[in-house]
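[1] Sharing a sequence plus its predicted fold:
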Number of protein chains: 2
Amino acid sequence: MHRTNNSGKPGDVEKGNEREMQEKRSKPDEDFISLFETIGFPEAYRITYLAGSIAGPAYDAIKRDFGIIRAEFVLLACLSHFDEMKAQDIADISRRPRNTVSRAVHRMVAEGYIERSPDAADGRQALLMITPAGRALQDEAAQYLKTRQDKVLAALSADDRKAFSDLLLKLAINASKLDDV
Amino acid sequence: MHRTNNSGKPGDVEKGNEREMQEKRSKPDEDFISLFETIGFPEAYRITYLAGSIAGPAYDAIKRDFGIIRAEFVLLACLSHFDEMKAQDIADISRRPRNTVSRAVHRMVAEGYIERSPDAADGRQALLMITPAGRALQDEAAQYLKTRQDKVLAALSADDRKAFSDLLLKLAINASKLDDV
DNA sequence: TCTATTTTGTTCCAATTGGAACAACTTGCA
DNA sequence: TGCAAGTTGTTCCAATTGGAACAAAATAGA
């Protein structure tokens, strides 16, 4: 880009020690952090950037190590917290189309991670439940998200993190009540 | 799901007034907010949920009204703030693969929103610049993100919003320095 | 200098995605 | 009751996606 890049970055010297260098590209140039301050929708940009910084690497690693994709992990995570849900609930929570959820349900049933039983009270829908194997998988994979989350949040003091977390909660609850325009 | 849903939700009655009802499904059930508190990676979940609540509806509307997709808007937004960038810079910032960026560049050049000129100093890369038409489009579309951002952030007082924004900045800068594990 | 390695951007193509249509079922209401 | 409208989950299929291979160019190091 145009800005002259005169950042010496002396720390980079220790980077090339022994690691196979076909790994994924990481850190953008330091200059780009000015975007965080000058863009016209600063909080939105920072939030989406943070989300990408946490979810991107974490879900890549989960896929690599456990063979499940994001939609499948989200399904398992939901069913770890609610004992019975229908597919539409998952679609609502995850903001994914129903057919995407449907695919994830079929794969997770095939793998033995969830069970699906027809709802006697409503013949259209099926009730989904997680199996012990699914719960074990979810617990393990969730650690990846937690680890990455903590790495990103390590920049804050304990008090600031608490304050940040509280503000996030208030916002998330508010967002969950908004209509999609 | 299993929890008995006894929330009366009297507010829903005024919902069906006159609007074509094939609009996209919105608000998940209120019960689901308990996930925000009980999940094992609360900040990560709240952040990704917030990001989806802002970016999802905003980019849907941008696509509908301006005919450009997220990768294309991000490209224009970057070029609105840096007068010259190469495609790899966009890939780094947006965490998208290079071929995705390449496609966006070609479409935006074809539409007259950006210009691409070979770099005399380095024959591999090309320098990208936004055109006045591209800048005008970016300015208009950015309003959609800003509007949605402000709707979500309206739950905070001015002081809390300032504190939240500052914490986000610190975290985003930290995240930009982390390696993708 | 010369050669091996790295970087940039593109093309190819198999896999994934999501909108739309659909069948089965339930709900609302005259 | 009966029928129109809405909901759920699935299938179909065209469009999109991203990994891998590639060519061209730059860089590093002997």
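    Thanks, I have it.

[2] where does chain A come near DNA strand D, residue by residue?
    Residues of chain A lying near DNA strand D by C-beta under 7 Å from any atom of the strand: A:86-88, A:98-99, A:102-103, A:105-106, A:116, A:124-126. For every residue, glycine as well, the C-beta is placed using N, CA and C.

[3] Filter those residues down to the buried ones, ChimeraX style.
    Listed next is the ChimeraX selection for buried residues among the residues of chain A next to DNA strand D, using 16 or more other C-beta atoms under 10 Å in any protein chain shown:
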select /A:86,87,105
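
[4] all helices for chain A, in order.
    Here chain A has its helices, by DSSP state H, at A:34-38, A:42-66, A:70-81, A:87-94, A:98-110, A:132-153, A:158-177.

[5] quick one on the thing from earlier: in TSV, list the residues of chain A next to DNA strand D along with distance to A:K170 and pLDDT.
    Below are the residues of chain A next to DNA strand D laid out as TSV (distance: C-beta to C-beta, whole Å; pLDDT from 0 to 100):
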residue	distance to A:K170	pLDDT
A:K86	28	95
A:A87	29	97
A:Q88	27	96
A:R98	30	97
A:N99	33	97
A:S102	33	97
A:R103	34	97
A:V105	32	98
A:H106	37	97
A:R116	35	96
A:R124	36	95
A:Q125	32	95
A:A126	35	95
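
[6] just checking: which of the residues of chain A next to DNA strand D also lie near chain B?
    A:K86 (C-beta under 8 Å from any C-beta of the partner chain).

[7] can you tell me which two in the residues of chain A next to DNA strand D are farthest apart?
    Using C-beta to C-beta, the two most remote members of these are A:R103 and A:R124, lying 18.4 Å apart.

[8] What residues does the residue sitting nearest the centre point of chain A make contact with?
    Nearest residue to the geometric centre of chain A (C-alpha atoms, centre = their mean): A:A55, 3.6 Å. Counting by C-beta atoms under 8 Å, 6 or more residues apart in numbering or on different chains, A:A55 touches A:70, A:145, B:44, B:48.

[9] between those residues, which is nearest B:A158?
    Closest to B:A158 out of those is B:T48 (25.8 Å), distances taken as C-beta to C-beta.

[10] excluding its backbone neighbours, what's nearest that closest one?
    Nearest residue to B:T48, sequence neighbours excluded (C-beta to C-beta, 6 or more residues apart in numbering or on different chains): A:A51, at 4.6 Å.

[11] Report pLDDT for that neighbour.
    pLDDT recorded at A:A51 is 97.

[12] so who does it touch?
    A:A51 makes contact with B:47-48, B:50-52, according to C-beta under 8 Å, 6+ apart.
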